[in-house]
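Engineer: let me see the structure of the following:
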Amino acid sequence: MIQRCPWCGTDPLYVAYHDSEWGVPEHDPRALWECLMLEAFQAGLSWITILRRRESFRVAFQGFDPAVIAAWGEPDVLRLLADPGIIRHRGKIEATIRGAQAYLRIEAREGFSAFLWKHVDHRPIVSHLPDMGAVQAQTAQSEAVAKALKKEGFTFCGPTISYAFMQAVGMVNDHLVTCHRHPSQQ
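Structural biologist: Residues are numbered from 1 along each chain as shown. Sure thing, here's the model as predicted:
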C-alpha cells in the first residue's frame with residue numbers, strides 16, 4: 001500500500017497533486033510565478049479550493065502570462081471580479097497585476113527562478129519529518145523570501161504563504177519520511 005502525507009486525503013485531484021507536483025523542484029520562471037500568485041489567492045482558504053479552480057484561474061488570467069497581466073487596469077479587475085470561476089477578491093487580483101510587473105523587473109534583472117532559488121542555495125532543502133506535527137508554518141528561509149518579494153513590490157506573500165509556495169515548488173521537500181514521495185523512499 002502506498003503511503004502518502006495525510007494532508008492530501010483521498011480526493012483524487014489532491015492525491016494526483018501530491019504525487020506528481022507538490023515538492024517537485026520547479027525552475028521555470030513563469031510556472032514559479034503562477035504558483036506564487038495562486039498561493040496568494042489561497043490566503044485564508046484551503047489549497048484544494050484553489051486546485052479545483054486552477055484551470056479557471058488559468059483561463060481568466062490568460063495562462064498567467066506576466067507580460068499580458070502587467071498591462072492590465074481597472075477594466076480587467078472588474079472583469080475578474082465578475083468571474084465566478086476564480087476567487088473574486090479585489091486585493092488579490094490587484095496584487096497579481098502588481099506581481100506581474102515585479103516579475104518582469106526581476107526576470108529582466110536576474111531571472112525570477114534564480115531570484116527565488118538563491119534563498120535555498122539553488123538546491124532543495126530535504127526535511128526529515130516524522131509526522132504532520134513536525135511541519136513548520138514558516139522558516140528563516142521563507143521569511144527571507146517574503147522580505148525579498150515584498151521589497152520588489154509583491155503583496156500577499158508573507159512568511160507562511162512563502163513557505164507554502166516553497167513546499168509546492170520543491171524548494172523545500174516536506175514530504176514525511178513515511179511518504180512514498182520522500183527521497184528516502186525512492
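Engineer: for the closest residue to residue 69 other than its chain neighbours, which residues are in contact?
Structural biologist: Counting by C-beta to C-beta, 6 or more residues apart in numbering, the nearest residue to residue 69 once its immediate chain neighbours are dropped is residue 100, at 3.9 Å. Glycine gets a C-beta too; all of them are placed from N, C-alpha and C. Residue 100 makes contact with 33, 66-70, 72, according to C-beta atoms under 8 Å, 6 or more residues apart in numbering.
Engineer: how close does residue 100 get to residue 111?
Structural biologist: With distances taken as C-beta to C-beta, to the nearest Å, residue 100 is found 16 Å from residue 111.
Engineer: and for residue 81?
Structural biologist: For residue 81 relative to residue 111 (C-beta to C-beta), the value is 32 Å.
Engineer: same check on residue 95?
Structural biologist: 22 Å.
Engineer: who has more neighbours, these two?
Structural biologist: Counted by other C-beta atoms under 10 Å, residue 95 and residue 111 do not tie: residue 95 has more neighbours, with 21 against 14.
Engineer: just to be sure, the more buried one is in a helix?
Structural biologist: Yes. Residue 95 sits within a helix when classified using DSSP: H, G, I helix; E, B strand; the rest coil.
Engineer: quick check: it touching residue 150?
Structural biologist: No. Counting by C-beta atoms under 8 Å, residue 95 does not reach residue 150; the two are 11.1 Å apart.
Engineer: which element is residue 67 on?
Structural biologist: Residue 67 is part of helix 66-69, with elements assigned from DSSP states H and E.
Engineer: cool, thanks, talk later.
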